[in-house]
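Peer 1: Structure of the sequence below:
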Amino acid sequence: MDEHRQGRTPSEVTEKNVSTVEKLIMQDKRITVKQLAFETKISIGSVETILHDHLNLNKVSARWVPRLLTTDQKKERVNCCKHLPRAGNK
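Peer 2: The predicted structure follows:
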């Protein structure tokens, strides 16, 4: 968390706010940044920082999804691809 400096407000990006945003997203993956800011009473910029930098999420087709695949997800994709017919093979 940022240290307090004169003329600057303390950061709204706290562990409590990160946890609150994460819980709200788990309840409704279609929730908007504006709705999250309203529900948590923190700025839109701080919500975006939490989503992207702390929760590692991106908005895809109106849903918040993780940016990175887990090891198990990567293995599953490899297994699925191995069973797909190759172009040119008939």
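Peer 1: Could you look up the next helix or strand downstream of the worst-scoring helix or strand of the chain on mean pLDDT?
Peer 2: When the helices and strands of the chain are scored by mean pLDDT, DSSP states H and E, strand 63-66 comes last with a mean of 70. Next helix or strand after strand 63-66 toward the C-terminus (DSSP states H and E): helix 71-82.
Peer 1: can you list contacts of that following helix?
Peer 2: The contact list for helix 71-82, computed with Cβ atoms under 8 Å, 6 or more residues apart in numbering, reads L69. (Each C-beta comes from the backbone N, C-alpha and C, glycine too.)
Peer 1: Below-threshold pLDDT in this structure: ranges please.
Peer 2: 1-10, 61-62, 66, 87-90 (pLDDT under 70).
Peer 1: Contact partners for S46?
Peer 2: Taking Cβ under 8 Å, 6+ apart, we find S46 in contact with S11, E12, V13, N17, A37.
Peer 1: What are the buried residues along stretch 34-41?
Peer 2: L36, A37, T40 (16 or more other Cβ atoms under 10 Å).
Peer 1: do stretch 49-66 as well
Peer 2: Judged by neighbour count using 16+ other Cβ under 10 Å, the buried positions of stretch 49-66 are T49, I50, L51, L55, L57, W64.
Peer 1: before we move on, the earlier item: list the helices and strands the least confident helix or strand of the chain packs on?
Peer 2: Secondary-structure packing of strand 63-66 (3 or more Cβ pairs under 8 Å, 6 or more residues apart in numbering; DSSP states H and E): strand 57-60.
Peer 1: OK, contacts around S43?
Peer 2: Contact analysis of S43 by Cβ under 8 Å, 6+ apart lists E12, A37.
Peer 1: That one and Q73, how far apart?
Peer 2: Distance, S43 to Q73, by Cβ to Cβ, to the nearest Å: 33 Å.
Peer 1: go on, F38?
Peer 2: Remark: distance between F38 and Q73 (Cβ to Cβ) = 32 Å.
Peer 1: E22 too?
Peer 2: 19 Å.
Peer 1: do D53 as well
Peer 2: Counting by Cβ to Cβ - D53 and Q73 are separated by 22 Å.
Peer 1: V47 now?
Peer 2: Taking Cβ to Cβ, one finds V47 at 26 Å from Q73.
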